[in-house]
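**Q** Okay, sequence plus prediction incoming.
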Amino acid sequence: MSWIGTKGFPLTIVVDKKGIVRYAVHGTNETTRAELLAKIKEAEAE
């Protein structure tokens, strides 16, 4: 729980091909999903 904080779940984590966590976010909404898609594309490009 110390790693994910007090917000708990849902938690989405973007991990690149090297296994490095590139982005983590709690909750979901339209803006968050757009940010996640951008971060996934960035991780794929690396």
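**A** Yep, that arrived.

**Q** Not counting its neighbours along the chain, what's nearest residue 27?
**A** The shortest distance from residue 27 to any non-neighbouring residue, by C-beta to C-beta, 6 or more residues apart in numbering, is to residue 10 (6.3 Å). The C-beta positions use only the backbone N, C-alpha and C, and glycine is treated the same way.

**Q** Got phi/psi on that neighbour?
**A** phi -80, psi 150 (degrees, to the nearest 10).

**Q** isn't it right up against residue 26?
**A** Yes - assessed by C-beta atoms under 8 Å, residue 10 is found in contact with residue 26 at 7.0 Å.

**Q** how near is residue 11 to residue 36?
**A** 12 Å (C-beta to C-beta, to the nearest Å).

**Q** shared neighbours, these two?
**A** The contact sets of residue 11 and residue 36 overlap at residue 25 (C-beta atoms under 8 Å, 6 or more residues apart in numbering).

**Q** hey, where'd the strands end up in the protein?
**A** 11-15, 21-26 (DSSP state E).

**Q** Partner strands of the shortest one and their direction?
**A** By that I understand strand 11-15. With DSSP bridges as the test, strand 11-15 is paired with strand 21-26 (antiparallel).

**Q** Give me the neighbour count for the spatially closest residue to residue 40 that is not a sequence neighbour.
**A** Residue nearest to residue 40 in three dimensions, not counting chain neighbours: residue 14, with 5.6 Å by C-beta to C-beta, 6+ apart. Number of residues near residue 14 (other C-beta atoms under 10 Å) recorded here: 20.

**Q** Likewise for residue 9?
**A** Neighbours around residue 9, by other C-beta under 10 Å: 8.

**Q** same deal with residue 26?
**A** Residue 26: 14 neighbours (other C-beta under 10 Å).

**Q** Could you double-check that it lies in contact with residue 11?
**A** Yes - in this structure, residue 26 is within contact of residue 11 by C-beta under 8 Å, at 5.6 Å.

**Q** Fine by me, thanks again.
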